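# Provide a 3D model corresponding to the input given below.
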Amino acid sequence: MPTPDSLSANTVTKLYRDHHGWLSGWLRRKLGNSFDAADLAHDTFVRLMAGRRQQGPGAEPRALLTHIAKGLVVDHWRRRALEDAYLAAVARLPAPEVPSPEVRALILETLQAIDAALRTLPAKTREIFLMSQFDGMAYEAIAKRLNVSLSTVKRHMQAALTACLIAYQADA
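Model prediction:
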């Protein structure tokens, strides 16, 4: 049952009927394949229905659909880049250490949740976290490089690690 703030089912049905084909084609050109395009077209309408809009899409429904779809395309490419980087790292492992497909899927889900959490953090917090976790820098070296106090680095790391833990727990 629609909430008072959501678009009516008739409005969404009409939008879907009138614009789904166009949106799928637009996404197919952006993504280069019809499978991902179909998924993101579906997700666009799901986001539209889940949105909190009292009024319809206005005179330019394709502008609204494009806006929603562009965000989904960015998320899609970000997930793909993360997955490619992870799979490249796994390819360098000796055969006995390669995780099973199930474990790889779980790791990718966790990495995506952590990536999403890190994007919500301030740039300085994210930078400090990445210097520590991916560049292997000690807190003292980070403080010196960024010309901040050691306690500032620790505070930023605590915020980043907390965000990662929350993202991991939400994903689990």
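
# residue closest to the middle of the protein?
D75 (4.5 Å; Cα atoms, centre = their mean).

# and the helix ranked longest in the chain, average pLDDT?
For the chain, the helix reaching the highest residue count under DSSP state H is reported as helix 61-91. Model confidence over helix 61-91 averages 91 on the pLDDT scale.

# give the buried residues for that helix.
Applying a neighbour-count criterion of 16 or more other Cβ atoms under 10 Å, one finds 61, 64-66, 68-69, 72-73, 76 buried in helix 61-91. (Glycine included, C-beta is placed from N, CA and C.)

# and that helix, what does it pack onto?
Using 3 or more Cβ pairs under 8 Å, 6 or more residues apart in numbering; DSSP states H and E as the contact criterion, the elements in contact with helix 61-91 are helix 9-31, helix 34-50, helix 101-119.

# tilt between it and helix 9-31?
Counting by axes from the mean of the first three to the mean of the last three Cα atoms, to 10 degrees, helix 61-91 points 50 degrees away from the direction of helix 9-31.

# just say helix, strand or coil for P99.
Secondary structure assignment for P99 (DSSP: H, G, I helix; E, B strand; the rest coil): coil.

# and the gap between it and L65?
P99 sits 38 Å away from L65, taking Cβ to Cβ, to the nearest Å as the criterion.

# any idea how the chain splits into domains?
Using automatic domain parsing, the domain parsing of the chain gives 1-97, 99-172.

# can you give me the offset of the last one from its chain's centre?
Average the C-alpha atoms of domain 99-172, do the same for its chain, and the two points are 15 Å apart (Cα atoms, centre = their mean, to the nearest Å).

# what is the mean pLDDT for it?
Confidence for domain 99-172, expressed as mean pLDDT, is 90.

# now the helix or strand harbouring T125 against helix 101-119, angle please.
T125 is part of helix 123-133, with elements assigned from DSSP states H and E. An angle of 140 degrees separates the directions of helix 123-133 and helix 101-119 when computed by the same axes, to 10 degrees.
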